[in-house]
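Peer 1: I would like the atomic coordinates for the input below:
(chains A and B)
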Amino acid sequence: MRRARVIVFAAAVAATAAMPGCATQPPGDDAGARARAEEVFRQSFTRGNRQMAARVEQQDEVQKLCSAWRNQPPKDVAEKIEQAQMATIQYPASGKLMGDWRQGEKIAQDGYGLRFTDPDPKRANGGNCYNCHRISKQELSYGTIGPSLYQFGKLRGADEAVQKYVYGKIFNPQAFLACSNMPRFGHNGVLTEEQMAHLVALLLDPDSPVNK
Amino acid sequence: MGLPRLLIAGLLALLPLAAAAQDSTQKEIERYRQMLAEGNPADLFEARGEELWKTKRGPKNASLEQCDLGLGAGVVKGAYARLPRWFADTDRVQDLESRLVTCMTTLQGYTVDEAMKNPFSSPDRKSDMEALASYVAGQSRGMKLDVPIVHPKEREAFAIGEQLFYRRAGPYDFACASCHGENGRRIRLQELPKLTDPKDAQKIFTTWPAYRVSQGTVRTMEHRLYDCYWQMRHPQIDYTSDAAIDLMVFMAKYANGGEIAAPGLKR
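Peer 2: As a prediction, this is how the structure comes out:
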């Protein structure tokens, strides 16, 4: 126990030291409290799936920084996150960024996957998009954590630069807005290349209900 | 139990109609709430909880009537308004359910595993914990929430809860704050409270446990957290774990002063 605490603490210090030019400290910064919270966290998810527990115990650099800064990193930290995350984006080898908007709509509606009661790993994960975004005009049950995407393509067109932007944003939203609430669907392996291309089509295809 | 269930099933059948217009669903739910305000099915859980409280059970054949919920042995009235809190005998900050487990083990002689065996009911299996929590919470109805954050362990629980509230992890990068960090947001049509805003926090924290119409049973605050972490793509949080209780203390700080209206009635 004691040793685990020291290791966590050292990791927290290392994370802080790794931010050159960081003028200010995170809000209510208390490396001690953070390290103790990590210990409490590890002791509080012991009876479930061990693999899932290991994944949430281990935060990556972005998760650590956004947690410490409570999603409001100062400019220098934000720029560092965005640069590093931009480098993670992988575009499809085929070069095909636009799939089928009909399949995109299904993925946008679907919330399946990665919960501890979702036992079938062969069933594709959903995108949960409507949970947070208004997308098509027809679907009235939409959330408002993210901005409305209705008419996205109509307003911006669908040339290659826009396709690349949308694909990249789904792959890793933190490349464009550090500590965005949106999951990094590609980077975290939640959605496949094909699924993300279908979502690009949902937003950009002129035939998609989004652009009607 | 049969009649309210039937009533609610009927009301639920009307829900799709309500979805016809964007804001009307929330209004309809409010209307159901008003209709059911004088007949919350949680009443039946409260009654069963009171009976369980007073029934001699367990290896020691004792009731829970001498349970100390923080205001002294046997005092139920007002106890829930002061939970979670630090307890000298366990030297731990405990929420209602954790404390019920303590009393079931010390007074009634159950093992911890037995006491924690069935905290969340399923359609074919009732939970004593849901009934007991309903009863105890109901005995603080109308009182102001006044969770103490004074003892060093209570202050530590708040500090840890605060860290956990903002802790992002897992394949979705979610923290509690992802959904509960801003005012006026929704998931689909479900409105989300900003839990660091006293106005929202008071309304939410004081209405758990609650009868959940979509689940046909009372759910407790422990279950609410279990459900949140499920949605966050985390593994299941341990029942009565420190993380769960620390998060409750964190929420309670902003909810303090709110009037307890538990058990509530929710979607």
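Peer 1: what does the domain assignment say about chain A?
Peer 2: A:2-73, A:101-211 (automatic domain parsing).
Peer 1: which stretch in those domains is the model least sure about?
Peer 2: Among the domains of chain A, domain A:2-73 carries the lowest mean pLDDT, at a mean of 77.
Peer 1: Got the phi and psi for residue B:108?
Peer 2: Main-chain dihedrals, residue B:108, degrees, to the nearest 10: phi -100, psi -10.
Peer 1: tally of neighbours for it?
Peer 2: By other Cβ atoms under 10 Å in any protein chain shown, 20 other residues sit near residue B:108. For the C-beta atoms, the positions are set from N, CA and C on the backbone; glycine is no exception.
Peer 1: How about the contacts made by it?
Peer 2: Contact analysis of residue B:108 by Cβ atoms under 8 Å, 6 or more residues apart in numbering or on different chains lists B:57, B:58, B:59, B:60, B:61, B:62, B:63, B:64.
Peer 1: My guess is the third one contacts residue B:111. True?
Peer 2: No - proximity of residue B:59 to residue B:111 does not meet the contact threshold set by Cβ atoms under 8 Å, at 9.0 Å.
Peer 1: Can you check which residues contact both of these two?
Peer 2: Among the neighbours of residue B:59, none is also in contact with residue B:111 (Cβ under 8 Å, 6+ apart).
Peer 1: Helix, strand or coil: sort out residue B:93 for me.
Peer 2: The three-state label given to residue B:93 by DSSP: H, G, I helix; E, B strand; the rest coil is strand.
Peer 1: ok, the nearest residue to it once chain neighbours are set aside - contacts?
Peer 2: Of all residues not flanking residue B:93 in the chain, residue B:157 sits nearest, at 4.5 Å (Cβ to Cβ, 6 or more residues apart in numbering or on different chains). Contact partners of residue B:157, counting by Cβ under 8 Å, 6+ apart, are B:84, B:93, B:149, B:242, B:245, B:246, B:249, B:250.
Peer 1: my guess is the fifth one is in a helix, correct?
Peer 2: Yes - membership of residue B:245 in a helix is supported by three-state DSSP.
Peer 1: What count of nearby residues applies to residue B:176?
Peer 2: 21.
Peer 1: Would you agree it is in contact with residue B:168?
Peer 2: No - counting by Cβ under 8 Å, residue B:176 stays clear of residue B:168, with 9.5 Å between them.
Peer 1: in chain B, which spans are helices?
Peer 2: B:2-18, B:24-36, B:42-54, B:96-106, B:112-115, B:128-138, B:152-165, B:176-180, B:198-205, B:221-231, B:242-255 (DSSP state H).
Peer 1: deepest of these, which one?
Peer 2: helix B:128-138 (a mean of 26; mean count of other Cβ atoms under 10 Å in any protein chain shown).
Peer 1: who touches it?
Peer 2: Helix B:128-138 is contacted from outside by B:42, B:45-50, B:52-53, B:64, B:69, B:76, B:79-80, B:96-97, B:100, B:118-121, B:208-209, B:217-220, B:260, B:262-263, using Cβ under 8 Å, 6+ apart.
Peer 1: repeat that for 6 Å
Peer 2: B:42, B:45-46, B:48-50, B:52-53, B:76, B:80, B:96, B:100, B:119, B:121, B:209, B:218, B:220, B:262-263 (Cβ atoms under 6 Å, 6 or more residues apart in numbering or on different chains).
Peer 1: what about the most centrally placed residue in chain A, distance to residue B:232?
Peer 2: Nearest to the geometric centre of chain A sits residue A:183, at 1.9 Å (Cα atoms, centre = their mean). Here the criterion is Cβ to Cβ, to the nearest Å. By it, residue A:183 lies 10 Å from residue B:232.
Peer 1: Kindly report the same for residue A:109.
Peer 2: 20 Å.
Peer 1: Same question for residue B:170.
Peer 2: Look at residue B:170 and residue B:232: by Cβ to Cβ, they are 6 Å apart.
Peer 1: residues in chain A within reach of chain B, list them.
Peer 2: Selection of chain A residues close to chain B by Cβ under 6 Å from any Cβ of the partner chain yields A:33-34, A:37, A:40-41, A:44-49, A:52-53, A:56, A:59, A:63, A:66-67, A:70, A:114-116, A:131, A:140-141, A:143-145, A:181, A:183, A:188, A:190.
Peer 1: For ChimeraX, write a command that selects the buried ones of the residues you listed.
Peer 2: Selecting only the buried entries of the residues of chain A next to chain B in ChimeraX, with 16 or more other Cβ atoms under 10 Å in any protein chain shown as the criterion:
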select /A:33,34,37,40,41,44,45,48,52,53,56,59,63,66,67,70,114,115,116,131,140,143,144,145,181,183,188,190
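Peer 1: Report the contact partners of the residue in the stretch 51-200 of chain B that chain A sits nearest to.
Peer 2: Distances between the stretch 51-200 of chain B and chain A by Cβ to the nearest Cβ are smallest at residue B:163, namely 3.5 Å. Contacts of residue B:163 were listed using Cβ under 6 Å, 6+ apart, and they are A:33, A:34, A:37.
Peer 1: And for residue B:46?
Peer 2: Applying Cβ under 6 Å, 6+ apart, one finds that residue B:46 lies in contact with B:134, B:135, B:138.
Peer 1: how about 8 Å then?
Peer 2: B:131, B:134, B:135, B:138, B:263.
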